[in-house]
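Colleague: Test case, fold it:
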Amino acid sequence: MKRVTILILIILGSISSSAQDVEHLFDRFKKTAFQFSGGISANQVFYGVNGIDSRRSPYTYYLSGNVNASFYGWNFPVSFSFSDQELQYQTPPLQSYNRIGIAPYYKWIKLYAGYSNMTFSPYTLNGYTFSGGGAELTPGKIFNFSAMYGRLHEAIEEDTSQNITAVYKRMGYGFKIGAKKDADFIDLIFFKAEDDVNSLLYVPDNLEIKPGENLVLGVRGGKTFAKKVKLDFEYASSAITRDIRTEKYDENVPVLYRNISGLFTPRVSSSFYNALKGSFNYLGSGYGLGIAYERIDPGYETMGAYYFNNDLENLTINANTAIFKNKIQLAVNFGLEHNNLDDDKLSTMKKTVGAFNVNFSPSAKWNITTSYSNFTSFTNIRSDFDYINQVNPIIPLDTLNFTQITQSANTNVSYLIGDPSNSKKKQFINFNFSAQIAANEQENNPNSGSAFYNGNASYSLSLIPQNMTITTSLNTNYTEMPGAYNFMAGPMVAVSRLFFQKALRSSSSIAWNRTYINEELVNEIINFRINGSYTIKKKHRFNLSIIVLNKSSSTQNAGSFTEFTATLGYSFSFATKDNKKETKKP
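Modeller: Coordinates of the predicted model:
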């Protein structure tokens, strides 16, 4: 670790020594020291209902806001909310002023101090929050350097009274060295994390609390040929020791981790994993083709990421093209994925994904979009008794096959009525239809499934000089499940308009829906809404919202009722100005 730290310091020192331009470094101190910005809002909710028991309090009020205090460019945001029910108070980044992180930057130098998070690559260090320091340096257009050092998590002693499990203190450090020219790049990545064995005063023997160690080495890059062919790749190798107190073990150690004394010590509890991803894309004249492959070993993990998917292998193919002078655009995707790469699990999951998208724009008035996707997963489940009772290894084991199929489709058609260049009136007609079908099959026998269908037809009229929009629509929904189906349909009318140079915004709508279950009318709902907001000097805003809902039900248990909800609110936003002016140079 000392050698790596010295290397980082040398690189930082050599780069910093070549950049002595600090002419504008203290410009920020010429401005106002403290600046504040934010907003506050207050709302009151009035509620009443007739026909059923109240579903909320007849009167509720709440106050919320956010304030950001800036001190010479460092920001300290605070948010709060208060109501007649509870009080909430937050101070980012992690709900406590005991955790503060800053990330100052100057030209091509960016530093991290306190609680921060950095990302080297998805397989190495990926957004993990640490307490310490870091740097990102981009002195030119070609080379770049990133480094971090800090505590990944602090030691926590066991507390059975509060159900708190003991955790070792974990330290980590790493760096990324890269070079880039246009779209071509190469990155070399190093990341190391290790638990402190002596960081806990007491570790119960009955708990699986073990100090670990992790070393991750990675490389990623990309290359473009003739501006049409693009290759991208990434490879990472992770060495994990589950318990650094176990004995050293030198057998079956990959060549990559031999003779690296001081960086990683192979032990009996050590494991080694690989992850790789690559893609090939070709951009032709009016079309594109691509293929991507990814494989992550079972058990692969890194202490520089919170969560990681492993034990998977997938292959995806995509293609897109535009024909008839770009009036029709086509895109197709197909993929295969499976797990259980070592064939040592009781079940194997295989997934198939296919999708296509078509966009057709014959003129400036028409736009038609259609998409379809098919997601199929196949699970092969082996019984534990098959492993226990198997005698002849040649006879295949009995299995249980389970297939799940999900299909979804969507079509949207929009048409502009009249002259597209008309600046006084715009009229649109829109049709939308979507469907989703899910089915489960077990040993080729369907046991369950569901289907959802949604349809919408709408007409919109915009009167531009009057700042007014009128919309009417008809909405339908059909749901089918084993033994029952549900159908809902109804119209809606909405009107919105702006007044007083757009300072007053108003809108109102009324909707009527009827719901049927197995051809029997279940309920009928009328929903009326009115909204208005008035803004004064871009800082003060008053708003009023009223909702009246009437439900008539044919079932005895549901009942019929009329519900009223009104919300009256006020909000205020503010920001202090910089009172100091920059001094002009003679």
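Colleague: Please count neighbours and contacts with C-alpha atoms only from this point.
Modeller: Fine.
Colleague: chain center to stretch 114-130: distance?
Modeller: 16 Å (CA atoms, centre = their mean, to the nearest Å).
Colleague: That one - what's its average pLDDT?
Modeller: Averaging pLDDT along stretch 114-130 yields 93.
Colleague: Return, as residue ranges, the portions of the stretch 401-550 of the chain with sub-threshold pLDDT.
Modeller: Along the stretch 401-550 of the chain, segments meeting pLDDT under 70 span 401-403, 441-448.
Colleague: repeat that for 90
Modeller: 401-407, 418-423, 437-450, 481-485, 501-502, 518-522, 537-538 (pLDDT under 90).
Colleague: Show me the strands in it, by range?
Modeller: Here the stretch 401-550 of the chain has its strands, by DSSP state E, counting those that start in this stretch, at 425-442, 445-463, 468-481, 484-499, 504-517, 520-536, 540-553.
Colleague: so what pLDDT did residue 250 get?
Modeller: 82.
Colleague: got the phi/psi numbers for the residue nearest to it when sequence neighbours are not counted?
Modeller: Excluding the flanking residues, the one nearest residue 250 by CA to CA, 6 or more residues apart in numbering is residue 266, at 6.4 Å. Dihedral angles of residue 266 (phi, psi; degrees, to the nearest 10) stand at phi -60, psi 140.
Colleague: burial count for residue 266?
Modeller: 26 (other CA atoms under 10 Å).
Colleague: Please apply the same query to the one 10 residues further on.
Modeller: Residues near residue 276, counting by other CA under 10 Å, number 19.
Colleague: From what I see, it and residue 235 are in contact.
Modeller: Yes. Residue 276 is within contact range of residue 235, at 4.4 Å (criterion: CA atoms under 8 Å).
Colleague: hang on, residue 108 packs against residue 143?
Modeller: No. The pair residue 108 / residue 143 is not scored as a contact, 11.2 Å apart, by CA under 8 Å.
Colleague: So these two - more neighbours on which side?
Modeller: residue 143 (16 against 12).
Colleague: ok now do that one, which residues does it touch?
Modeller: Counting by CA atoms under 8 Å, 6 or more residues apart in numbering, residue 143 makes contact with 177, 178, 179, 180.
Colleague: And it, how far from residue 184?
Modeller: To residue 184, residue 143 is 12 Å away according to CA to CA, to the nearest Å.
Colleague: likewise residue 163?
Modeller: As judged by CA to CA, residue 163 and residue 184 stand 51 Å apart.
Colleague: Same question for residue 232.
Modeller: Residue 232 is 9 Å from residue 184, by CA to CA.
Colleague: Overlap of the contact sets of the two?
Modeller: With CA under 8 Å, 6+ apart, residue 232 and residue 184 have common neighbours 221, 222, 223.
Colleague: Return the closest of those with respect to residue 213.
Modeller: Comparing these against residue 213 with CA to CA places residue 221 closest, at 27.0 Å.
Colleague: now the closest one, which residues is it bridged with?
Modeller: Beta-bridge pairing for residue 221 (DSSP bridges): residue 186, residue 233.
Colleague: burial of it, as a residue count?
Modeller: What residue 221 shows, counting by other CA under 10 Å, is a neighbour count of 19.
Colleague: wait, doesn't it sit right on residue 233?
Modeller: Yes. Assessed by CA under 8 Å, residue 221 is found in contact with residue 233 at 5.6 Å.
Colleague: Buried ones in stretch 484-499, by neighbour count?
Modeller: Buried residues in stretch 484-499, defined by neighbour count with 16 or more other CA atoms under 10 Å: 485-498.
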